[in-house]
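In: Quick one: sequence and predicted model below, then my questions.
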Amino acid sequence: MTTNPEARRCRMILLAAVVAAAVLACGGAPEAATPAATAAKPTAAAVVAKPKPLQVALLTNGPITDSGFNQAHADAMKQVEQKFGDRVAVRVIGSVPETGDAERIMQRLIDNKVDLIIAASFGYQDTSVKLAATNGKVKFLQAWGFKPAPNLGTYSSQMYEAWYVQGIIAGRMTKSNRLGIVAAHPIPPMKWQINAFVRGARSVNPNVRARVAYINHWFDPGLAAAAADALISQRCDVITGVLDNSVAVAQTAQKRKTYLIGHNTDLSKFAPDVTLSGTQWVWGQLYIDAIDRIGQNAWNSQQDLHGGFGKGYVAVTGFGPMVPASVRKEAETAIARFADGSLSVYTGPIRDNKGKTVVAAGKTLTHGEIMGIDWLVEGVR
């Protein structure tokens, strides 16, 4: 049916009039849209600039995929990123020699406006001290350092607590009462770890003796494997490595079917049939705490940042299936006591391996004193 155009036009005019009347009844005619109403422009006060992320750089002296000391630091920075998100920008640089190369790399980072340099090896200390003195706006965090400055803090770890726990496990699991230790160098950072391991073992088994083989390298798989093999041949039935990288020790233990105590990271994947447990650095929580303090302007460079189980800075890896429930319970009890402060590794009386009293009865060494230990305890050969 054909619609009359004039009739359709009249109906549309009538409809428009009805709509207009309804609008007026609800409060008047609509306002014409202004440019501000359709696309409001933010004022300067309304614009909040996104905070600049804290630029953090970590340097290690070895490869960051070594399943050892260096990887533990690199893994820690992943925890930092997870915690702070886009509030930090992290860069990890591995295999930086403790030479002029370290200074050149740190200076390049400074030129690129880095805010915090974490020097994760004691060998960087002189470089950190030098550059901190001329770059006051940059903060430095020096591992195992002892030369703090207004913008240079130091940090370390109570890893001796974790070693003591591993000693308890080794002391209970050994049949020959001989523990084998492959160590890097005969220096304090090795000795306080060795001592803690042996003290833990002798706390549950006074008949334990330990033999130490120094390879005079932080990382040499060939020497580490040969030393581990020699110790096993001397009837050491639990072995460990106090090295930057103990993978070769773990692989030798697996090959020789000898119990292993791991170090640095979880080494059970290299020795799945013989790993009892292991020590583990948890640098991530320490770095998180340091960055938190910097962000809150509460960082005190004069206070060495360190801790053990109580602060979550050290841990132990999982127990192997061969470790009895009773031994696990002993280890877990020791961890709890370290965390609440009721257990200490270095409380006297303690004698060295020459029979001399080095810690008097009732005296407990401070963390600083422990870091300087240059003797081996009774029971170490």
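Out: That came through fine.
In: and Lys137, how many neighbours?
Out: 8 (other C-beta atoms under 10 Å). In short, each C-beta sits where N, CA and C put it, glycine included.
In: Apart from its neighbours in sequence, what residue is nearest it?
Out: Nearest non-adjacent residue to Lys137, counting by C-beta to C-beta, 6 or more residues apart in numbering: Asn151, 7.6 Å away.
In: Run a quick check on that neighbour versus Phe140, I expect a contact.
Out: Yes: under the criterion of C-beta atoms under 8 Å, Asn151 makes contact with Phe140 at 6.4 Å.
In: joint contacts of those two?
Out: Jointly contacting Asn151 and Phe140 under the rule C-beta atoms under 8 Å, 6 or more residues apart in numbering are Ala132.
In: Next, the contact list for the residue most central in space within the chain, please.
Out: Closest residue to the average C-alpha location of the chain: Trp283 at 1.5 Å, with C-alpha atoms, centre = their mean. For Trp283, the contact set (C-beta under 8 Å, 6+ apart) comprises 72-73, 75-76, 120, 157, 313.
In: how about a cut-off of 10 Å?
Out: 58, 69, 72-77, 79-80, 118, 120, 143, 155, 157, 290, 313-314 (C-beta atoms under 10 Å, 6 or more residues apart in numbering).
In: And Thr357, by the same measure?
Out: 348-351.
In: ok, and the most crowded of these?
Out: Of these, with other C-beta under 10 Å as the count, Ile350 tops at 20 neighbours.
In: which stretches of this protein have low pLDDT?
Out: For the chain, applying pLDDT under 70 flags the ranges 1-48.
In: tally of neighbours for Gln303?
Out: If you count neighbours by other C-beta under 10 Å, Gln303 ends up with 12.
In: helix, strand or coil for the residue lying closest to it once chain neighbours are set aside?
Out: Excluding the flanking residues, the one nearest Gln303 by C-beta to C-beta, 6+ apart is Gly153, at 7.5 Å. The three-state label given to Gly153 by DSSP: H, G, I helix; E, B strand; the rest coil is strand.
In: which residues are in contact with the helix or strand hosting Ile110?
Out: Per DSSP states H and E, Ile110 falls inside helix 100-111. If you take C-beta under 10 Å, 6+ apart as the criterion, helix 100-111 is touched by 55-57, 59, 61, 91, 93, 95-97, 114-117, 119, 121, 123-124, 126-128, 130-132, 134-135, 137-138, 140.
In: Quick one, which of those are buried?
Out: Among these, those buried by neighbour count (16 or more other C-beta atoms under 10 Å) are 55-57, 59, 61, 93, 96, 114-117, 119, 121, 123-124, 127-128, 131-132, 135, 138, 140.
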